[in-house]
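This is the structure alone, sequence omitted:
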């Protein structure tokens with residue numbers, strides 16, 4: 001089947017976030033971030049495929065459309081990770097570039113990007129990235145992967161892959177500790193607080209901050 005248009009993908013992504021992640025009932029058509037022509041084109045396309053239903057002023061995601069919607073969200077959040085972690089395009093510009101790039105991640109390209117990024121579990125904003133078959137295969141084979149600091153065991157180490165802290169003060173605190181992507185980190189203990197070593201210094205953080213430090217585990 002022919003791949004869906006970018007307009008249809010935008011609608012599916014919004015529907016997934018609103019109804020599956022936020023638990024809302026339906027999605028207001030007026031909330032679509034598209035021009036009137038693009039919006040109608042995308043809706044018509046998705047209705048024809050039986051991916052969505054239109055009732056009054058709301059759109060509803062059908063079970064037939066859930067797999068495509070899930071993968072649309074996956075592609076977008078992988079694109080965000082690529083732009084911000086690998087290409088170092090940050091902020092609103094990074095978001096815009098990710099929106100444009102996500103539509104190209106079809107026919108296995110998303111799998112290659114996911115593997116390149118070592119199967120991240122969240123986007124730069126802390127939202128979950130739906131796993132693909134490559135992620136399941138990596139877990140089955142015991143590949144290192146990227147995990148929050150909270151998933152490391154005492155004595156384990158790895159490279160800091162990225163920081164998910166959206167709060168500026170938290171990010172500044174981590175940076176002052178030397179907690180920066182690319183730095184080597186070793187977890188010393190995990191209770192009652194997380195104590196880790198970066199360079200020649202040791203630091204302690206609580207559970208909330210530890211979850212925002214994502215580590216690329218060292219291969220055993």
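Perfect, thanks for sending it. These numbers come from a predicted model, not from an experiment.

Nearest spatial neighbour of residue 26, chain-adjacent residues omitted?
In space, and not counting its chain neighbours, residue 26 is closest to residue 58: 3.5 Å by CB to CB, 6 or more residues apart in numbering. All C-beta spots, glycine's among them, are computed from the backbone N, C-alpha and C.

Span of stretch 135-149 from start to end?
19 Å (CA to CA, to the nearest Å).

returning to that earlier point: let me know the pLDDT of the residue nearest to residue 26.
At residue 58, the predicted lDDT confidence score is 95.

Quick check: the gap between the residue nearest to the spatial centre of the chain and residue 97.
Nearest residue to the geometric centre of the chain (CA atoms, centre = their mean): residue 123, 2.6 Å. According to CB to CB, to the nearest Å, residue 123 stands 14 Å off from residue 97.

helix, strand or coil for residue 186?
What DSSP: H, G, I helix; E, B strand; the rest coil gives for residue 186 is strand.

Roughly how far does it sit from residue 58?
Going from residue 186 to residue 58 by CB to CB gives 51 Å.

ok, now residue 98?
27 Å.

For residue 81, grab the count of nearby residues.
As a burial measure, residue 81 scores 24 neighbours (other CB atoms under 10 Å).

Helix or strand: which one has it?
According to DSSP states H and E, residue 81 maps onto helix 66-81.

So which other helices or strands are in contact with that helix?
Applying 3 or more CB pairs under 8 Å, 6 or more residues apart in numbering; DSSP states H and E, one finds that helix 66-81 contacts helix 6-15, helix 91-101, helix 109-116.

quick revisit: for the residue nearest to residue 26, list each beta-bridge partner.
residue 28, residue 55 (DSSP bridges).

and the chain, what are its domains?
Taking automatic domain parsing as the criterion, the chain consists of the domains 6-67, 73-141, 146-217.
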